[in-house]
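[1] Provided below are the primary sequence and the corresponding predicted coordinates.
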Amino acid sequence: MRTDWEIARRGFARYAAYPAATIAGAFTNIVFGFVRAYILLALYGQRDVIGGYDPSAAVTYVWIGQGLLMTIWTWGWVEIALRIRSGDIALDLIRPIEPLRVALAFDLGRATYHVLFRGVPPFIVGALVFTLVYPRDALVWLAFVASVALAVVVSFGFRALYNAATFWLLDVRGMIMVSGIALNLFSGFLVPISFFPDWLAAIARATPFPSMVQTPIDIFVGRTTGLDIVAALGSQLAWALVMIAAAQAVFAAGVRRLVVQGG
Amino acid sequence: MGDTLALYGHLIAARIRAQLQYRGSFVLETVGHAVVTFLDFVVILVLFANVPRLATWSQPEIALLYGISALAFAITDLMVGQLDWLSNWVRDGTFDQMLLRPRGTLFQIVSSDFQLRRLGKAAQGLVVLVYALSVLPIEWTPLRALLLVATIPVSAVIFISIWVFTICIVFWTVDGKEVANAFSYGGQFFAQFPMNIYDRWLRRFLGYLVPIAFISYFPALYILGKPDPLGLPAALQFAGPLVALVAALAAGRMWRVAVRHYQSAGG
């Protein structure tokens, strides 16, 4: 546990070392946030509520989503894939802690940095310009924080899974691309899942992806309330365990066939 | 000038030949790029599953904006997408080598890469554009057809200028590269939707100061024969080429200032 904590701190520190990159990235998240917010608001000329969202909830959805973008790392995470490809993974394997556990601890540290410095600032800008909705109950705030943490773990499991494909594939770019498409669409990051046609929403809800974006947002904007929040957190926890277990199994299978050249 | 173009042709032809050596990978990645960028259009389809119109614009009308923006940006990405790497070249000192060669630095960067797989992006933009043109009841005139054909390269020049101008930030702050993404990728996204959905300050900033409104919005209004919901002068619908010229001059000027400011990392 003590080691995990130290590794997580390194994950935080690695990204904290580049403040200019953080500012530039947050700036881009903010610009996209404005464009996305106005696009969704344009839908409300004709209807008051769409997919359970009124205009304020829709704009809140956009700004929380912009905040989650780096926190759960929606596009092209290749930390493990690069180590497998270069053979550095061999070094990770001879260390006394499991490589996936190290990677998870590191990623939780990274996500803490990103939620604070890439997540909160865009949200504050959005809150200053638009009328947003906020949870009124302290317990809901707490549930939201727990939900974001679980979202990071589910997303980590998924990222580790497609990275582990590197054990079998020489070129993982295609794999990463497909993963990114699935994540962005089915997580509800691009458009809320309740806006989807029923058949597409049904597909999305059968996947782990909504646990990464849609679930925490719906808790925050009050679409998920009361005991449903407990159920939502339970579903996220279940997906977190499934994804981590799947990643571990695939990783272990990959290690068994791993050959590292040279010395 | 002719000499430069011939050299550009030589270099690009060599890069293309190299990429075609791995045909399977090339095909997969091209398709992948097409699908990734098509996600943006899927978003538009999902939005229109909920409402018949978006601020007076129908789905095929938005598809026209999308098609122009996506196609022009795909050409941009094909030609100057490697600007994404500029920060790395500045950081590791590779940019110093460029300064020593007897050609302009911008020319060297533009001719250093030509990722054919980005044609996948162009293909999906073209498909959406053709779809929009086939379902929209456009009353074609020679001028409308001419404007449409001219808009794609003109808009690409505007996108390229925006990208070159904004990426110059890395000569001051190496890690600032993502700021340029807000205007390149962000600009493409912004141009997929009509100006009248945006609040006035955002229109002024991204639409006119960064002249993204001239990429798709103004030409589309004329092609569609649609009254401008913003009531702006009709002359603006033909201003694209002039805007592109000014943008290109501004970007060239910015690049020279930035390179003069550049101090090697000493790598």
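    Perfect, thanks for sending it.
[2] Name the nearest residue to residue 57, ignoring sequence neighbours.
    Since you didn't name a chain, this refers to chain A. Nearest residue to A:A57, sequence neighbours excluded (CB to CB, 6 or more residues apart in numbering or on different chains): A:V221, at 4.4 Å. To be clear about C-beta, it is placed using only N, CA and C from the backbone, and glycine gets the same treatment.
[3] that's the wrong chain, I meant chain B
    B:P194 (5.1 Å).
[4] Can you name the residue of the stretch 51-200 of chain A nearest chain B?
    Nearest residue of the stretch 51-200 of chain A to chain B, counting by CB to the nearest CB: A:M177, 4.3 Å away.
[5] and that residue, what element?
    Element membership for A:M177, per DSSP states H and E: helix A:173-186.
[6] So what's the model's average confidence on the very next helix or strand once past that helix?
    Reading on from helix A:173-186 to the C-terminus, the next helix or strand found by DSSP H and E is helix A:198-205. For helix A:198-205, mean pLDDT rounds to 96.
[7] now stretch A:7-15
    95.
[8] Then stretch B:158-165?
    Here stretch B:158-165 scores 98 as its mean pLDDT.
[9] got it, and stretch B:129-144?
    Average pLDDT, stretch B:129-144: 96.
[10] can you list the residues that contact it?
    B:60-61, B:63-64, B:66-68, B:70-71, B:222-225 (CB atoms under 8 Å, 6 or more residues apart in numbering or on different chains).
[11] make it 6 Å
    B:60, B:63-64, B:67, B:71, B:223 (CB atoms under 6 Å, 6 or more residues apart in numbering or on different chains).
[12] gap between the two ends of it?
    With CA to CA, to the nearest Å as the measure, stretch B:129-144 spans 15 Å from end to end.
[13] quick one: buried residues of it?
    Residues B:129, B:131-133, B:138, B:144 are the ones in stretch B:129-144 that count as buried (16 or more other CB atoms under 10 Å in any protein chain shown).
[14] Ok, stretch A:34-50 next?
    A:34-44, A:50.
[15] OK, contacts around A:V148?
    A:P216.
[16] Could you tell me which residues of chain A lie near chain B?
    Proximity of chain A to chain B is confined to A:18, A:20-21, A:24-25, A:27-28, A:31-32, A:34-35, A:38-39, A:42-43, A:46, A:50, A:174, A:177, A:181, A:190-191, A:195-197 under the rule CB under 6 Å from any CB of the partner chain.
[17] circling back to that earlier point, what is the neighbour count of the residue nearest to A:A57?
    Per other CB atoms under 10 Å in any protein chain shown, the neighbour tally for A:V221 reads 24.
[18] Verify the stated contact: it with A:V133.
    Yes. Here A:V221 reaches A:V133: they are 5.4 Å apart, a contact under CB atoms under 6 Å.
[19] Quick check: neighbours shared by these two?
    The contact lists of A:V221 and A:V133 share A:57, A:60, where a contact means CB under 6 Å, 6+ apart.
[20] ok, now how distant is A:I50 from B:V51?
    As judged by CB to CB, to the nearest Å, A:I50 and B:V51 stand 8 Å apart.
[21] go on, B:P153?
    With the distance defined as CB to CB, B:P153 ends up 33 Å from B:V51.
[22] Would you enumerate the residues in contact with the residue most central in space within chain B?
    Centroid-nearest residue in chain B: B:F73, 2.9 Å away (criterion: CA atoms, centre = their mean). The contact partners of B:F73, taken as CB under 6 Å, 6+ apart, are B:159, B:188.
[23] That one should be in a helix, yeah?
    Yes. Counting by DSSP: H, G, I helix; E, B strand; the rest coil, B:F73 is found in a helix.
[24] And the pLDDT for it?
    On the pLDDT scale, B:F73 is placed at 96.
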